Structure formats: structure tokens, C-alpha cells
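# sequence? don't have it. structure:
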């Protein structure tokens, strides 16, 4: 069974990206745990500034590492076709598609060559100030990473597990024994925490502004002993505030061990949070009649039943939150082996 893993984050420059890095850092420091295998954190956490994010740098970091397992937190395409990261410095294309990986592997195997159309599609530039010279460097780094014989790479990249062909190409490119990724949105949060019946009975008063999702424990259709609530954006993603409130400290601690981390406990006024999340997805072009020019949204169909816990049926029609120790979380981490 795999053991410890180095964590590498390669996210954007926006405030929400920086908050995501802070939340992920807190998760691994507080709980040192990533399901479902599970992996422990090695203690090495590398956050790469967006101005330096490239596949080339990722390969360099993996080559330098002594770890045989990695957790990679990088934004994923909604259809699972790749990651939001350039291939090399000076790249004109800000995304890495599984087609790019396959092309590089084909060239390395002598089954293909790089023509002008390939260079353009992959976002390389040529000429005096072009960056195509990075292509050969990346090919060498790919071989160096493969020679490490990595055991496990866990992507916590939204939706990468939706496309098993894409996931398989990532596994082949890195030469790992197995690569896992979620087929849903990945959540790292830092909700406020409170304990006491007074707070539990009045938690809705904290839902000021915006839209909220409310989850009741232990049962969905009765008065809860604990609630887990998230403020969400227009895609119903929990990118804002939230809170976890229990009637008693024992209830809180038992909930953490059952749903969040097996050896976890919480103290203070907030806690690290991780999980998967069913987000709404755009499915049609912008409607010109919509003053916000936003696309039509549809909730992803995951064929999940309500189960013993879930959303308040009066407030939240779809269960979106999948905590890390739930069966639903395991079902939505897809592996290529």
C-alpha cells in the first residue's frame, strides 16, 4: 500500500485560488490524510506561483523529489480532457490536453514527428524568440520521471476522472503504477465551527446574503445534531464561507472521525475541510436575453440516492457534498492502472 506523498499545487493568481492553496495546506497539516487509498502527507508541500506554472516545471519538481507518491492540485477541464497549465514557459496555450501528452509519447516512441500544425496546436512558437526548444527538454524530463517508477499520483483536479482515456494518458506519460482523479468538483475549505444547542438552533441566522447549502447529520429527515453549511456561487460551488455546528463537542468529534478523517479532531473556531461536490455545469451558450450573460446551468447527474444523511429537503433539492470518508467519495475517485 502506498505511504506518504509530496503535495504540489499549481493554481491561478486569483484570490480564490490563493485561498484554495491555504485551505489545502491546512487540510494536510491538520489531518495528514487523503482518501481513498489512503495517502499520508510527506511534509513536503510546494505551491508554485501562477507565473511559473508549466508542465516542464512540474516534471522538474517530480524529478528532484525523493517521493514515490504525489498529490497534484491543479485546475481541471470540466469535460476531463486536461488541466489548466501551460506546457512550457512562453506558451501561447494555457492548457494541457491529453492529446498533447499522447503526441509527445508518440514522438518519443518514434511513431510520429512534430509538424508545423502540431507545434501550433500545442502552443509552441518558433523563430528567434520561440520556445520550441523546450520540447526536447520536456521529453527528457518525461523519461527521468518515468525512471523514478512512481507508484501513485492522486490528482485533486476537478473532473479529470470524467475521461478515462485522458486519465490513462496522464498515467502513461508519468509512468506511474496508478493515477486517480475525481469525476466531480474538488472541495478544500475552511469553515467556521461552533458547539452548543443555542448555535445549532439558530444557525440559519448566519446564512446572510447569497445562496446556501445545508446538510444535516446523522439523518436527513429529522432534527440534526450537527449541520454542515456552505455558501455557494452561481455554479453552486462552495467557494465562499461556511460553518459546521454541533450540539456538543462529543458529537462534533465523532462526526469528524466518521466522515472527515479517522484520527481527526477539531479545536478552535474553524476547521480544514475536504470533499467532493456536485456542481452545476454550463451546457449551452450564453443567452443574450440574460442580463448577466450567463450560460444555462444543469446539475450533474451522479445517480446518487439520498442515504442516511443529506441536504435539508426544504432548502437543497440535490445532495452535493461528499465528505472524504463517505462511500460516495470513494465512488467518484476514478483510477487508471
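Great, that's in hand. Owing to the predicted nature of the structure, the values given are computational and were not obtained by experimental measurement.

# how distant is stretch 163-171 from the center of its chain?
16 Å (Cα atoms, centre = their mean, to the nearest Å).

# what about that stretch, average pLDDT?
Averaged across stretch 163-171, the pLDDT comes to 98.

# Check stretch 253-268 too.
The pLDDT scores in stretch 253-268 average 89.

# who touches it?
Contacting residues not belonging to stretch 253-268 are listed as 30-31, 33, 193, 217, 226, 244, 246, 252, 271, 273-274, 323-326 [Cβ atoms under 8 Å, 6 or more residues apart in numbering]. (C-beta placed from N, C-alpha, C; glycine too.)

# Helices - which of these land there?
For the contacts of stretch 253-268, membership in helices holds for 30-31, 252, with DSSP state H as the criterion.

# Ranking by neighbours, what's the top pick from the residues you listed?
residue 31 (23 neighbours; other Cβ atoms under 10 Å).

# Just to check, that residue is in contact with residue 272?
Yes. Between residue 31 and residue 272 there is a contact at 6.2 Å, judged by Cβ atoms under 8 Å.

# can I get the ones in helices among the contacts of stretch 253-268 in CSV with distance to residue 197?
Below are these laid out as CSV (distance: Cβ to Cβ, whole Å):
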residue, distance to residue 197
30, 26
31, 27
252, 13
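
# Which phi and psi values does residue 213 adopt?
Dihedral pair for residue 213: phi -110, psi 130, per degrees, to the nearest 10.

# neighbours around it, how many?
22.

# How about the contacts made by it?
229-230, 232, 236, 238, 311, 315-316, 320-321.

# at 7 Å instead, please
The neighbours of residue 213, taking Cβ atoms under 7 Å, 6 or more residues apart in numbering as the test, are 229-230, 232, 311, 316, 320-321.

# same check, this time on residue 184
Residues near residue 184 by Cβ under 7 Å, 6+ apart: 159, 276-278, 300, 332.

# Quick one: which of those residues has the lowest pLDDT value?
The lowest pLDDT within the contacts of residue 184 belongs to residue 300, with 63.

# Kindly present the contacts of residue 184 as CSV, with separate columns for neighbour count.
Converted to CSV, the contacts of residue 184 look like this (neighbours: other Cβ atoms under 10 Å):
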residue, neighbour count
159, 23
276, 27
277, 22
278, 21
300, 18
332, 22
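
# Which members of the residues you listed are positioned in strands?
276-277 (DSSP state E).

# Just name the closest of the contacts of residue 184 to residue 151, please.
Distance to residue 151, by Cβ to Cβ, is smallest for residue 332 among the contacts of residue 184, at 21.8 Å.

# quick one, helices of the stretch 151-300 of the chain?
Assigned helices in the stretch 151-300 of the chain, in chain order: 164-174, 197-201, 249-255 (criterion: DSSP state H, counting those that start in this stretch).

# Export those as CSV, with columns for distance to residue 95.
Shown next, in CSV, are these (distance: least, Cβ to Cβ, whole Å):
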stretch, distance to residue 95
helix 164-174, 12
helix 197-201, 44
helix 249-255, 38
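
# Pick out whichever of the contacts of residue 213 sits closest to residue 12.
For these, the nearest to residue 12 is residue 232 (19.6 Å; Cβ to Cβ).

# neighbours around the closest one, how many?
Neighbour count of residue 232, defined by other Cβ under 10 Å: 21.

# Hmm, it is touching residue 207, no?
No. Look at residue 232 against residue 207 with Cβ atoms under 7 Å: they stay out of range, at 11.0 Å.

# Starting from the worst-scoring helix or strand of the chain on mean pLDDT, tell me the next helix or strand along the chain.
Sorting the helices and strands of the chain by mean pLDDT, DSSP states H and E puts strand 297-299 at the bottom, at a mean of 64. Going down the chain from strand 297-299, the next helix or strand is strand 310-311, by DSSP states H and E.
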